[in-house]
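Undergrad: How does the following fold in three dimensions:
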Amino acid sequence: MVSEPNISVVGPGRWGRALAENLVRAGYEVDEIVFPNAQSLRKNCRHLSRKLQKHTTSLDEARFDAGLVWLCMPDAQIKVVAQSLKSVTKWKNKVVFHSSGALTSDVLRPLQKLGASVASVHPLMTFVHGSQANLEGIPFALEGDATALRTARQIIKDIGANSFVIKKQNKVRYHAWATLLSPLLLSFMVAAEQVAAATGLSSAEVRKKTLPIAKQTLSNYVNLGPAAAFSGPLVRGDTGVVRGHLKALKGIPEARAVYVASAKSALRRLPVRNRKQLEKLLKG
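TA: Numbering: from 1, shown residues only. Below you'll find the model as predicted:
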């Protein structure tokens, strides 16, 4: 296996497009950008740079001559696509990645049996329309066989990111962690926005005013650790304030449920005063 393989990116949604652009910036040759069908190709090709647009093709026309094939489709499609690719090329000495956070490299076993080295290579990052696609500094979780892992580590280093290894049995826990970090963190913030809206603020005002305290909280968490970063009525054991919060949130039941669940977690994991009184209060 060459140290800098040519690469085919298959199923490029928001993540796949970001990956392809970053690979090219790092000096890799992206042989093919493979869309699932001609309709998807016409719809999404324009989102790629002109250089990459020249390499686009549909799944039924792709050659898969590259030394590395990187599958970037949703989890439910990976096994089906891997099975469908068995006869399109010779897989011996090729490397195949998928980027599912929850699935292990075992889902690529149909190609591994034909001689491919396989790995799951998942970016611990969120990709949405309108967001920046620079992968520099992003951590990638890796799991797979030794050859594929060596290739993955080198590519991730070349694009300016970093990597760490996850054991197969821990992949679903890892992905639950990632889900808590982004989509469910966003859900938490939407609950907070509901409460702020009840004070008369617009959504735009809330988001603007949220940024400083949210950024500082995350900075404190990273630099000081959770215990030292924890502040507010729970750490002070101020049952009166918490009681007032719970009363005020009765008219916003979803946000109240989030508040109670988060506070109960804090009582178990973070330094608080008047723990027993607060536990009793949160049960009510």
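Undergrad: got a list of contacts for the helix or strand of the chain with the lowest mean pLDDT?
TA: Using mean pLDDT, DSSP states H and E, helix 38-44 stands out as the lowest-scoring helix or strand of the chain, at a mean of 79. Identification of contacts with helix 38-44 by C-beta atoms under 8 Å, 6 or more residues apart in numbering yields 12-13, 17, 35, 56-58. C-beta: built from backbone N, CA, C; applies to glycine.
Undergrad: ok, and the most crowded of these?
TA: residue 12 (28 neighbours; other C-beta atoms under 10 Å).
Undergrad: from memory it sits against residue 33, does it?
TA: Yes: with contacts counted by C-beta atoms under 8 Å, residue 12 reaches residue 33, the gap being 5.6 Å.
Undergrad: if we can go back for a sec, please convert the contacts of helix 38-44 to a markdown table, extending it with secondary structure and pLDDT.
TA: Output for the contacts of helix 38-44, formatted as a markdown table (DSSP: H, G, I helix; E, B strand; the rest coil; pLDDT from 0 to 100):
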| residue | secondary structure | pLDDT |
| --- | --- | --- |
| 12 | coil | 78 |
| 13 | coil | 85 |
| 17 | helix | 88 |
| 35 | strand | 86 |
| 56 | strand | 89 |
| 57 | strand | 88 |
| 58 | strand | 88 |
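Undergrad: Okay, buried residues for the longest helix along the chain please.
TA: Secondary structure of the chain per DSSP state H: the longest helix is helix 203-224. For helix 203-224, the neighbour count (16 or more other C-beta atoms under 10 Å) marks residue 206 as buried.
Undergrad: just the CA coordinates of that helix, formatted as CSV?
TA: Output of helix 203-224 as CSV, limited to C-alpha atoms (Å, rounded to 0.1, in the frame of the first residue of the first chain):
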residue,chain,number,x,y,z
SER,A,203,-34.7,34.1,19.2
ALA,A,204,-32.0,36.2,17.5
GLU,A,205,-31.4,38.2,20.7
VAL,A,206,-31.2,35.0,22.8
ARG,A,207,-28.6,33.4,20.5
LYS,A,208,-26.4,36.6,20.5
LYS,A,209,-26.6,36.9,24.3
THR,A,210,-26.0,33.1,24.8
LEU,A,211,-22.6,33.1,23.1
PRO,A,212,-20.4,34.8,25.7
ILE,A,213,-21.5,32.7,28.7
ALA,A,214,-21.6,29.5,26.6
LYS,A,215,-18.1,30.0,25.3
GLN,A,216,-16.8,30.9,28.8
THR,A,217,-18.4,27.8,30.3
LEU,A,218,-16.8,25.5,27.7
SER,A,219,-13.5,27.3,28.1
ASN,A,220,-13.7,26.8,31.9
TYR,A,221,-14.7,23.1,31.4
VAL,A,222,-11.7,22.4,29.1
ASN,A,223,-9.1,24.4,31.1
LEU,A,224,-10.2,24.0,34.7
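Undergrad: Past it, which element shows up next along the chain?
TA: Following helix 203-224 in sequence order, the next helix or strand is helix 226-229 (DSSP states H and E).
Undergrad: quick one: contacts for residue 218?
TA: Going by C-beta under 8 Å, 6+ apart, the list of residues near residue 218 is empty.
Undergrad: Pull up the overlap in contacts between residue 12 and residue 33.
TA: Going by C-beta under 8 Å, 6+ apart, residues that sit against residue 12 and also against residue 33 are 20, 48.
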